[in-house]
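Trainee: sequence plus the predicted model coming up.
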Amino acid sequence: MRAVVQRVSEASVQVENQKVGSIGHGILVLLGVGQDDGPGDAIYMAEKVVNLRIFADEQGKMNRSLLDVGGGLLAVSQFTLWGDCRKGRRPSFISAAEPTKAEELYEAFVQHAGSLGVTVATGRFQEMMEVSLVNDGPVTLLLDSKKAF
């Protein structure tokens, strides 16, 4: 499972000009599911994101987690994170999970993050979405449940 994690002061997602999810201060996660991912990857990623210490403490150091600051989490499915651009000019998505599996693991991520005490908003799986955000910092991190990076 791969994720682009962005600390935001606000973020939202629209489908067909209708806002379907939004948060204030918190984390926007673009989440991609790979062929080899399973339920353990969803749990690992949810716990990693929720406990990632990327919010400032009193000294301005990144030392607080999403739980510590009471922020929201906006999770948006993003299969293109598995796009392989090493050959040619068109990305290959053969490493991305098929939609049924990807949706199941995306939902497992969302459910587990919520069970940890975070308010979670979402986009809509397999829909064309417009994501808006104000990146706070900016802080943007890449995560991989297999620890490839």
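Mentor: On my side now, so go ahead. Residues are numbered from 1 along each chain as shown.
Trainee: so how far is residue 8 from the spatially most central residue of the chain?
Mentor: Central residue of the chain (C-alpha atoms, centre = their mean): residue 29, 2.0 Å from the mean position. According to C-beta to C-beta, to the nearest Å, residue 29 stands 10 Å off from residue 8. C-beta: built from backbone N, CA, C; applies to glycine.
Trainee: name the residues contacting each of those two.
Mentor: Listed as contacting both residue 29 and residue 8 by C-beta atoms under 8 Å, 6 or more residues apart in numbering are residue 74.
Trainee: so where do the strands sit in the chain?
Mentor: In the chain, the strands defined using DSSP state E lie at 2-15, 18-23, 26-32, 55-56, 62-64, 72-77, 119-122, 130-144.
Trainee: gap between the closest residue to residue 31 other than its chain neighbours and residue 130?
Mentor: The shortest distance from residue 31 to any non-neighbouring residue, by C-beta to C-beta, 6 or more residues apart in numbering, is to residue 3 (5.1 Å). For residue 3, the distance to residue 130 equals 20 Å [C-beta to C-beta].
Trainee: more neighbours: which of the two?
Mentor: The residue with more neighbours, out of residue 3 and residue 130, is residue 3; 23 against 12, by other C-beta atoms under 10 Å.
Trainee: okay, and the beta partners of that one?
Mentor: residue 31, residue 143 (DSSP bridges).
Trainee: helices and strands around the lengthiest helix in the chain, which ones?
Mentor: The longest helix of the chain (DSSP state H) is helix 99-115. Helix 99-115 is packed against helix 39-51, strand 72-77, strand 119-122, with contacts defined by 3 or more C-beta pairs under 8 Å, 6 or more residues apart in numbering; DSSP states H and E.
Trainee: appreciated, that's everything.
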